[in-house]
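>>> give me the fold of what follows.
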Amino acid sequence: MSENDADPTLFVTTGLEKSGNTWSEMMLWSMPGIGGFATCASRGLPATVQYLRRSPELLALLNERGRSLSEYLAVILGAPVASGQGGLLPETDRERITSCMQPIRAAMLTMKDNFYDEPNRRALSLDELADRLIQTQPVRGEAGAVGAPTKHVPPHTLREWLPGWKIVQFLRDPRDVLVSTFYHDLGYLDRVIGMLVDRSDESEPKLFTDWKRRYFTDRLERMLAFHEDRSADPLKLVVRYEDTLADASAELCRISRFLGVEPDERAASEIAERYAFKTVTGGTSERRNSAIRKGKAGDWQRYFDRELVEILGEPFRELIVHLGYEPDDGWVERVPERAEAQWDFSRFRRGASVVQAFMSVWYASDDLQRRYPIPTDFRREDNFFAWLESNATPEVQRWLDLTERLSEWWGVDIIENQYH
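Numbering: from 1, shown residues only. The predicted structure follows:
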């Protein structure tokens with residue numbers, strides 16, 4: 001149990017994209033004594049916080065009942081509101097709750113998001129959401145710590161939203177993050193196509209001549225915003241990707257202790273072996289058709305050149321030193337004029353990009369959610385991408401045509417037969 005025997009420790013995890021978040025979270029939520037969301041597939045927690053904070057009606061209701069946002073999230077995770085208390089809100093508020101939730105759900109759908117029932121990846125109905133607020137929610141098992149992933153919400157923002165909660169921050173060398181993020185974004189092209197591709201003539205799309213500056217400047221701004229507050233926080237534990245690669249078992253035990261849970265070292269060792277990169281990828285050095293790429297540190301040295309260092313500038317160099325990845329700027333002098341490896345657009349994942357661009361279609365249909373419970377699963381021939389091709393609206397067809405041209409232009413040879 002947690003150090004506080006009455007209630008479990010409440011915590012969240014976060015980290016920049018491609019910092020080993022998903023991998024680390026899968027291992028962490030496999031540890032004995034760690035409860036809450038059993039998997040990290042859902043973006044439900046940040047969506048919950050962000051959208052509820054924009055709903056004055058629901059926030060007003062919580063305030064009227066003497067409840068806080070932190071208590072709401074604790075209930076969503078399955079933790080008790082407080083010892084001996086029942087639900088967060090009374091049954092008499094049910095109609096008002098569902099009324100408040102309707103515009104929130106509509107806003108979430110436009111952002112390709114939803115409230116999920118973990119670990120089943122099933123979207124919750126408005127009545128089920130009301131149930132979670134009204135009914136008593138037991139702790140799942142005998143968890144000493146109950147938490148959820150937040151999918152890249154900056155630590156200083158989480159501290160504002162969730163005072164008193166512990167934060168586990170996953171950290172990776174920002175240079176490796178940039179490389180890995182680039183290849184990850186090739187499966188989410190709708191997010192970044194405006195930085196990479198000139199579509200003034202969609203019959204002949206082409207890369208912007210200054211695509212590197214457009215793309216990496218944007219990614220640097222996101223990175224600096226995430227690390228905006230660099231002050232010490234006793235309720236935050238930083239877990240380095242490189243340390244987890246070297247000894248995942250030791251890092252899992254360290255996180256457990258931070259959360260007030262006595263670690264099971266044998267279980268940690270078994271979990272680390274189960275999720276080792278060679279196990280996850282079947283022993284291959286790289287999975288080109290997946291968001292999982294190499295699972296290694298230092299790959300940035302193959303891709304960085306003087307042009308990219310100039311684009312990223314002094315703020316990036318300062319961040320590298322601040323985070324402890326270099327003692328000073330001396331590493332810049334070792335960066336070659338011309339990089340060893342070129343940015344490989346043949347890794348573009350057309351199917352994943354099309355699916356991600358039209359997730360709002362899937363979210364809005366109970367039937368599609370039943371037929372394709374994991375819309376990004378390409379292991380089955382009858383998948384959501386195939387459905388989009390067969391039922392293409394003019395907007396979908398335009399995107400299908402564009403991504404097909406890009407695939408031909410970039411020489412894409414990836415067969416998408418994995419779960420993304």
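>>> bridged to residue 197, which residues?
Note on residue 197: beta-bridge partners by DSSP bridges are residue 207.
>>> in contact with it, which residues?
By C-beta atoms under 8 Å, 6 or more residues apart in numbering, the contact list for residue 197 reads 205, 206, 207, 208, 211, 406. For every residue, glycine as well, the C-beta is placed using N, CA and C.
>>> for residue 26, state which of those residues is nearest.
Relative to residue 26, the closest of these is residue 406; by C-beta to C-beta it sits at 31.4 Å.
>>> isn't the closest one right next to residue 207, touching?
No - Residue 406 is beyond contact range of residue 207, at 9.8 Å (criterion: C-beta atoms under 8 Å).
>>> quick revisit: going by distance to residue 255, which of the contacts of residue 197 wins?
residue 211 (38.3 Å).
>>> for the closest residue to the closest one other than its chain neighbours, the count of nearby residues, please.
Nearest non-adjacent residue to residue 211, counting by C-beta to C-beta, 6 or more residues apart in numbering: residue 196, 5.0 Å away. By the criterion of other C-beta atoms under 10 Å, residue 196 has 21 neighbours.
>>> and residue 323, by the same measure?
When neighbours are defined as other C-beta under 10 Å, residue 323 has 16 of them.
>>> quick one: residues contacting the closest residue to residue 70 other than its chain neighbours.
Among residues not flanking residue 70 along the chain, residue 162 sits closest, at 5.4 Å (C-beta to C-beta, 6+ apart). Neighbouring residues of residue 162 by C-beta under 8 Å, 6+ apart: 10, 12, 49, 69, 70, 73.
>>> and those as TSV, adding secondary structure?
Shown next, in TSV, are the contacts of residue 162 (DSSP: H, G, I helix; E, B strand; the rest coil):
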residue	secondary structure
10	strand
12	strand
49	helix
69	helix
70	helix
73	helix
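>>> nearest to residue 189 among those residues?
Distance ranking of the contacts of residue 162 against residue 189, using C-beta to C-beta, places residue 49 first at 27.7 Å.
>>> find me the pLDDT at residue 297, would you?
Reported pLDDT at residue 297 in the predicted model: 86.
>>> do the same with residue 395
In this model, residue 395 carries a pLDDT of 94.
>>> before we move on, what about residue 87?
At residue 87, the pLDDT recorded in the model is 70.
>>> show the contacting residues for the residue nearest to it when sequence neighbours are not counted.
Spatially, and ignoring its direct neighbours in sequence, residue 87 is nearest to residue 134 (4.6 Å; C-beta to C-beta, 6+ apart). Residue 134 makes contact with 87, 88, 89, 90, 91, 93, 94, 97, according to C-beta under 8 Å, 6+ apart.
>>> looking at the residues you listed, which one is closest to residue 231?
Checking these against residue 231 with C-beta to C-beta, the nearest one is residue 88 at 32.0 Å.
>>> so what's that closest one up against?
Residues near residue 88 by C-beta under 8 Å, 6+ apart: 62, 65, 67, 71, 72, 75, 81, 133, 134.
>>> same thing but 7 Å
When contacts are counted by C-beta atoms under 7 Å, 6 or more residues apart in numbering, residue 88 touches 67, 71, 72, 75, 81, 133.
>>> about what we covered before: and the residue nearest to residue 211, how close does it get to residue 409?
12 Å (C-beta to C-beta, to the nearest Å).
>>> do the same with residue 331
Taken as C-beta to C-beta, the span from residue 331 to residue 409 is 35 Å.
>>> ok, now residue 323?
Taking C-beta to C-beta as the measure, residue 323 falls 37 Å from residue 409.
>>> again, but for residue 317
Taking C-beta to C-beta, one finds residue 317 at 34 Å from residue 409.
>>> name the nearest of the contacts of residue 197 relative to residue 343.
Nearest to residue 343 among these, with distances taken as C-beta to C-beta, is residue 211, at 8.9 Å.
>>> excluding sequence neighbours, find me the nearest residue to residue 169.
Per C-beta to C-beta, 6+ apart, closest to residue 169 is residue 238, 5.1 Å.
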